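J.: Predicted model follows, preceded by the sequence.
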Amino acid sequence: MPDPSHHDRVTNTSGAVGSVGDGERKHVVIVGASLAGLRSAEALRAHGFVGRLTIVGDEGSAPYDRPPLSKQYLSGAWGEEKLWLRARGFDELNLDLQLNVRAESLDVASLALSTSTGDIAFDGLVIATGARPRRLPEPLDHGDHAVVRTKAHSDELRDKLRDGAKVVVIGAGFIGAEVAATARCRGCEVTILEAAPLPLERQLGPDMAGVCAGLHERNGVTLHTGVTIVATTAKSVTLADGRSFAADVVVVGVGVQPNIEWLQGSGLTLGNGIECDETCRAAPSIVAVGDVACWPNARYDERARVEHWTNAAEMAEHGAATLLADLNGTPEAALSYMPVPYFWSDQYATKIQFLGRVGGFDEVRVVAGAADSGKLLALYRRGDRVVGALGLSMPRHVMAYRRLLLENASWREALASVPVAKAPGA
């Protein structure tokens, strides 16, 4: 699609502008013009909202996809035309897309949003402001360290990933690991420094995290875990044990933090993001979705933020339904949001996929393939239930478990449903 980044506003005022259900004109504002914000707009229209619809975004580009920024786009395999989330344009959504506009404050009591270009009154609000990369603590933070969150970040980093360049990546989470893999595939000499004993241990548990650590080693990336960084410059990193690593570029991938500072004093409850109820409601006629939202998922008896693409899309759909219930005067009709989380990560030639949650699991069992084969399927047990499924380069087989996880299937049922032979390399 044509990139409207050269416009500050993209507006379409044609078509019906009317009621939600009671004949009164309504105005819904969405703060955040990325995946969760766009999917919220699409869901509102799909569910019959015909009132005014405004999206406010602080970047200058139309909504684009972020996962490729550390993978296909960073490698140069994709051009920017593959990033756009809505190739067919915005006309059918009949919305006012305001780009280069920053949300500055919110007054819940008066239903008013203040932005860098003026105040906006609304009847319903979707907050989808996402998150931003965490920086290293002072005095380690250095302005020349690279991060990856926006298209501009990826553009700048790609120019530095030349064949033979020395790259030090701080953090072996998803972004750090993907950047390391991409840099290695571009011919760079790559070192990863990770504070935890194993990469992705919190997400996968120690056994499977060890398998993922092996991916880096087999692909020629040097991985140092359990390290403490004591000094950095734009071109070097020094550890507590005295080792120092020179680099042409240092990339920081130590997680993200939700964009909630602008909401201080708004009347919303802030903590680990915007604290919502089980329906994604942050306040009457206000919902939060995507990386910025923290909510209680009754399926896993936990309150958490989930920083993954699929959750942003699914939560946007659910939040839109909750908002419409409020605007229709039937808030009790809103349903609990109880997803089975799903994430994937492309590293080297391996696709890592995970369904469910691993917190407090009792057992992880490889039911197909083998750790040293590059392909495996593993299931996680808590009590007598299956709570997770991990696949390395077994995409079809992982997704076959989504229904069982949604149905809270037993461990016995899960084992009986293994869809592939159990021989190594299957």
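T.: Yep, it's here.

J.: List the residues that contact the nearest residue to residue 271 once chain neighbours are set aside.
T.: Closest residue to residue 271 in three dimensions, ignoring its sequence neighbours and counting by C-beta to C-beta, 6 or more residues apart in numbering: residue 294, at 6.5 Å. Backbone N, C-alpha and C define where each C-beta goes, glycine included. Contacts for residue 294 were tallied using C-beta atoms under 8 Å, 6 or more residues apart in numbering; they are 258, 271, 272, 273, 274, 275, 276, 303, 304, 305.

J.: Disregarding flanking residues, what is the spatial nearest neighbour of the third one?
T.: What that stands for is residue 272. Leaving aside its sequence neighbours, residue 272 sits nearest to residue 294 (C-beta to C-beta, 6+ apart; 4.7 Å).

J.: strand partners of the one helix or strand that neighbour maps to, parallel vs antiparallel please.
T.: Assignment of secondary structure by DSSP states H and E places residue 294 within strand 293-297. In the sheet containing strand 293-297, the strands it pairs with under DSSP bridges are strand 273-275 (parallel), strand 302-304 (antiparallel).

J.: could I have that strand exported to PDB, CA atoms only?
T.: The C-alpha trace of strand 293-297 is given here as PDB (Å, rounded to 0.1, in the frame of the first residue of the first chain):
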ATOM      1  CA  ALA A 293      -2.500  -4.100  29.200                       C
ATOM      2  CA  CYS A 294      -2.300  -6.200  32.300                       C
ATOM      3  CA  TRP A 295      -5.300  -8.400  33.100                       C
ATOM      4  CA  PRO A 296      -6.300 -11.500  35.000                       C
ATOM      5  CA  ASN A 297      -6.400 -14.600  32.800                       C
END
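
J.: Check the strands paired with strand 293-297 for me and report the most buried one.
T.: Among the strands paired with strand 293-297, strand 273-275 has the highest mean neighbour count (mean count of other C-beta atoms under 10 Å), at a mean of 23.

J.: and that one, average pLDDT?
T.: For strand 273-275, the mean pLDDT works out to 98.

J.: ditto for stretch 320-334
T.: Model confidence over stretch 320-334 averages 98 on the pLDDT scale.

J.: Kindly report the same for stretch 351-366.
T.: Across stretch 351-366, pLDDT averages out at 93.

J.: Over to that stretch now: how far is its first residue from its last?
T.: Across its full length, stretch 351-366 reaches 17 Å end to end, with C-alpha to C-alpha, to the nearest Å as the criterion.

J.: Pull the number of nearby residues for the closest residue to residue 198 other than its chain neighbours.
T.: Residue nearest to residue 198 in three dimensions, not counting chain neighbours: residue 209, with 3.9 Å by C-beta to C-beta, 6+ apart. With neighbours defined by other C-beta atoms under 10 Å, the count for residue 209 comes to 20.

J.: Any regions of the chain where pLDDT drops low?
T.: The model of the chain has pLDDT under 70 over residues 1-24, 419-426.

J.: Outline the domain layout of it.
T.: In the assignment given by automatic domain parsing, the structural domains of the chain cover 4-132+257-333, 135-254, 349-416.
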